[in-house]
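**Student:** coords below, sequence missing:
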Ligand code: MF3
Ligand code: CO
């Protein structure tokens, strides 16, 4: 069941999501060679306190941190720790908060120093695929129009979309219906309506889409060891079209 939000609820989600974007922007300024990924998580926690919001991920199904930091072949759900970022790394930051009963969720992939041309292209393709999907988030379209748009862009660059993880509805819960795969034929699934709020999150790999979970029970890595990327926005479907809530 897809829960529709009123304009007042969307305003609350926008407030939560904007804080997500602001905190992610602040964390981004600290992404440099030599920084430990747990320092980024500590910063995320401190900024949650300052903004008086709850981190959305900490404790979710036992996830131990407030920020997901996924490096290179890590796709999503990397657990921050003593690992130091180094020049040439591709790092994905995924972050969410709860504020006034509503969630916001967003992710970005960043270059640490100079990265390979392939890494730059993978970031570009993944971000472009997110905006292609967002553009389809309009009343009257069908959910899989978003999925298809993502896949089309990513595969046009010769990259692949991860099958094992999906985007999701979001609202009073971090994860609501519907699930939003990043691949598939267009014209399927529920018809989009004003008041739907979606966390759209393409996850991609430079090589093959198969992933495995590391022994920590969380970190998803590409099976072939190829680079991965992840971009996410929280978006509302409105009569006027898509409204990106997790922007600054
Ligand atoms: N953006 C991811 C999601 O919505 C992050 C979840 S991390 C978890 O699923 F720790 F909360 F699982
Ligand atoms: Co999400």
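**Tutor:** Received the coordinates, thanks. Here the structure is a predicted model, which means the values were calculated and not measured. Numbering: from 1, shown residues only. Ligands and ions are numbered 1, 2, ... in the order given.

**Student:** pLDDT score for residue 146?
**Tutor:** pLDDT, residue 146: 99.

**Student:** hmm, it is touching residue 136, no?
**Tutor:** Yes: assessed by C-beta atoms under 8 Å, residue 146 is found in contact with residue 136 at 4.8 Å. All C-beta spots, glycine's among them, are computed from the backbone N, C-alpha and C.

**Student:** what about the residue in the chain that ligand 1 sits nearest to, neighbour count?
**Tutor:** Residue of the chain nearest ligand 1, by C-beta to the nearest ligand atom: residue 63 (3.1 Å). By other C-beta atoms under 10 Å, 16 other residues sit near residue 63.

**Student:** avg pLDDT for the longest helix anywhere in the chain?
**Tutor:** With secondary structure taken from DSSP state H, the chain has its longest helix at helix 7-28. Averaging pLDDT along helix 7-28 gives 98.

**Student:** list the buried residues for the next helix or strand after it?
**Tutor:** Using DSSP states H and E, the helix or strand that directly follows helix 7-28 along the chain is helix 37-51. Within helix 37-51, the residues scored as buried using 16 or more other C-beta atoms under 10 Å are 37-41, 43-44, 47-48.

**Student:** before we move on, the earlier item: I figured the residue of the chain closest to ligand 1 was touching residue 77, is that so?
**Tutor:** Yes: the criterion here is C-beta under 8 Å, and residue 63 meets it with residue 77 at 7.3 Å.

**Student:** now for those two: what residues contact both?
**Tutor:** Here residue 63 and residue 77 share the contacting residues residue 218, scored by C-beta atoms under 8 Å, 6 or more residues apart in numbering.

**Student:** show me which residues of the longest helix of the chain are buried.
**Tutor:** 9-10, 12-21, 23-24, 27.

**Student:** looking at residue 146 and residue 136, which one has more neighbours?
**Tutor:** Neighbour totals were compared for residue 146 and residue 136, and residue 146 leads with 32 against 21 (other C-beta under 10 Å).

**Student:** identify, from the buried residues of helix 37-51, the entry nearest to ligand 2.
**Tutor:** Ligand 2 has its nearest neighbour among these in residue 44, at 15.2 Å by C-beta to the ion.

**Student:** what's the neighbour count on residue 209?
**Tutor:** 22.

**Student:** hang on, I meant residue 192
**Tutor:** The local packing of residue 192 (other C-beta under 10 Å) involves 22 other residues.

**Student:** for residue 27, give its distance to residue 94.
**Tutor:** 11 Å (C-beta to C-beta, to the nearest Å).

**Student:** find residues that contact each of the two.
**Tutor:** With C-beta under 8 Å, 6+ apart as the test, residue 27 and residue 94 both reach residue 67.

**Student:** report pLDDT for the closest residue to residue 194 other than its chain neighbours.
**Tutor:** Nearest residue to residue 194, sequence neighbours excluded (C-beta to C-beta, 6 or more residues apart in numbering): residue 239, at 5.0 Å. Reported pLDDT at residue 239 in the predicted model: 98.
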